[in-house]
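S.K.: okay, here's the prediction I keep looking at, along with the sequence it came from:
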Amino acid sequence: MGQVWLGSDLRLNRPVAVKLIHEDDLADRKETVRRFYREARITARLRHPGTPVVYDFGSDEGRLFLAMEYLDGHTVAHLIDEHSPLPVPWVAIIGAQVCAVLAAAHAADLIHRDVKPGNLVMLPDATVKVIDFGVATALSGEEFSRITQSGAVPGTARYMAPELLDGASASRSSDLYTVGCLLYELLTGTRPFAAPDLMAEIYRSRSETPPPLGRSDIPRELRELTFHLLAKSPEERPHSAASVFRTLLPLIEPPPPIPGLIDKDLSTHPTHMYAATLRQIGP
């Protein structure tokens, strides 16, 4: 919802992303204002390298605004459009980072509900940011109350877990289903149940098994993980984002360049030097 503009922080001399909504254009102003403020609080609460930093939000001259860290990169949707199917190392790099963010969100009892390529931004240092917590929900606490009415389906239906389409509540498992959709699309260049008509795609996601990945270079672990995540029943999917992360991590190796996006050796990039230091104290 709204528009996102590139702006300047005149006090600190830095670029910022400014999300704007004109209140006069809102059909349901009260509900939209509540959602907008809620998105700001949720994004600010998740202090994680894989989410944008929130600087400020509020209302000014009839406009709702949210000022955030400017992400000078490309969406993963753009990456898929221009370079799919992606090499296995890039699939693992993107998927593992998304799972790291979801692990943090799920630990805070937050469900994103709209993980998809268009809500992921890859920066020139190959870090991935998960954006748009506008339809996120909380599993506990009063700070983030329900934002949808009975019968409403938040999120993007083409990436939605089958149980949500049948009216079940969002869960950690339904977020993991969207990770399966993401991995499948990164590996093939298309959604697992792609169809020109939305209702046909929803029907396929509820009744069909995903088509074969059609590549011989995909490791068995990644192939099995992708279909495991796309299981119709939540109980049949991996039990946590952290477990999916652990499966993807060994598949990461120095990736080939992505022309026009990531063309240089990243091994000496300061971001990766910092991450490598932290890795040494891990298990």
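M.R.: That came in fine, so what should we check first? Just so we're clear, the structure is a prediction, and the values are computed from it rather than from any experiment.
S.K.: show me the domain layout of the protein.
M.R.: As given by the TED database, the domain ranges for the chain are 3-69, 74-280.
S.K.: measure the first one end to end?
M.R.: Using C-alpha to C-alpha, to the nearest Å, one end of domain 3-69 lies 15 Å from the other.
S.K.: chain center to that domain, what's the gap?
M.R.: Computed by C-alpha atoms, centre = their mean, to the nearest Å, the chain-centroid distance of domain 3-69 equals 18 Å.
S.K.: also the last one?
M.R.: The gap between the average C-alpha position of domain 74-280 and the chain average comes to 6 Å, counting by C-alpha atoms, centre = their mean.
S.K.: same question for that domain, mean pLDDT?
M.R.: Confidence for domain 74-280, expressed as mean pLDDT, is 91.
S.K.: swap in the first one?
M.R.: Averaged across domain 3-69, the pLDDT comes to 85.
S.K.: at the geometric centre of the chain, which residue sits there?
M.R.: In the chain, the residue lying closest to the centroid (C-alpha atoms, centre = their mean) is V115, at 3.6 Å.
S.K.: quick one: contacts for that one?
M.R.: Counting by C-beta atoms under 8 Å, 6 or more residues apart in numbering, V115 touches V98, L102, V130, Y159, D175, T178, V179, L182. For glycine as for every other residue, the C-beta is placed from the backbone atoms N, C-alpha and C.
S.K.: what bridges to L120?
M.R.: V130 (DSSP bridges).
S.K.: helix, strand, or coil at the residue nearest to the centre of the chain?
M.R.: Using DSSP: H, G, I helix; E, B strand; the rest coil, the structure places V115 in coil.
S.K.: from A17, how far out is it?
M.R.: Using C-beta to C-beta, to the nearest Å, we find V115 at a distance of 19 Å from A17.
S.K.: try I258
M.R.: From I258 across to A17, the span is 23 Å (C-beta to C-beta).
S.K.: G189 contacts P85, correct?
M.R.: Yes - G189 lies in contact with P85 (C-beta atoms under 8 Å); the separation is 4.9 Å.
S.K.: neighbour count for the two, which is higher?
M.R.: Between G189 and P85, P85 has the larger neighbour count (other C-beta atoms under 10 Å), namely 19 against 14.
S.K.: of the contacts of V115, which is the most crowded?
M.R.: Within those, neighbour counts (other C-beta under 10 Å) peak at V98, which reaches 28 neighbours.
S.K.: my guess is it contacts L120. True?
M.R.: Yes - here V98 reaches L120: they are 6.5 Å apart, a contact under C-beta under 8 Å.
S.K.: give me the common contacts of those two.
M.R.: Common neighbours of V98 and L120 (C-beta under 8 Å, 6+ apart) are V128, V130, L182.
S.K.: secondary structure element for Q97, which one?
M.R.: helix 88-107 (DSSP states H and E).
S.K.: which neighbouring elements make contact with that helix?
M.R.: Applying 3 or more C-beta pairs under 8 Å, 6 or more residues apart in numbering; DSSP states H and E, we find helix 88-107 packed against strand 120-122, strand 128-130, helix 172-188, helix 220-229, helix 241-248.
S.K.: just the CA trace of it, in CSV.
M.R.: Extracted in CSV, the C-alpha atoms of helix 88-107 (Å, rounded to 0.1, in the frame of the first residue of the first chain):
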residue,chain,number,x,y,z
VAL,A,88,22.5,-23.5,-6.8
PRO,A,89,24.9,-21.4,-4.6
TRP,A,90,22.8,-18.3,-5.1
VAL,A,91,19.6,-20.2,-4.3
ALA,A,92,21.2,-21.3,-1.0
ILE,A,93,22.5,-17.9,-0.3
ILE,A,94,19.2,-16.2,-0.7
GLY,A,95,17.1,-18.9,1.0
ALA,A,96,19.4,-19.1,4.0
GLN,A,97,19.3,-15.4,4.6
VAL,A,98,15.5,-15.3,4.4
CYS,A,99,15.3,-18.2,6.9
ALA,A,100,17.6,-16.3,9.3
VAL,A,101,15.2,-13.4,9.3
LEU,A,102,12.2,-15.7,9.7
ALA,A,103,13.9,-17.4,12.6
ALA,A,104,14.2,-14.0,14.3
ALA,A,105,10.6,-13.1,13.5
HIS,A,106,9.3,-16.4,14.7
ALA,A,107,11.3,-16.2,17.9
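S.K.: can you give me the buried ones in the longest strand belonging to the chain?
M.R.: Once the chain is assigned using DSSP state E, the strand that runs over the most residues is strand 14-22. Buried residues in strand 14-22, defined by neighbour count with 16 or more other C-beta atoms under 10 Å: V16, A17, V18, K19, I21.
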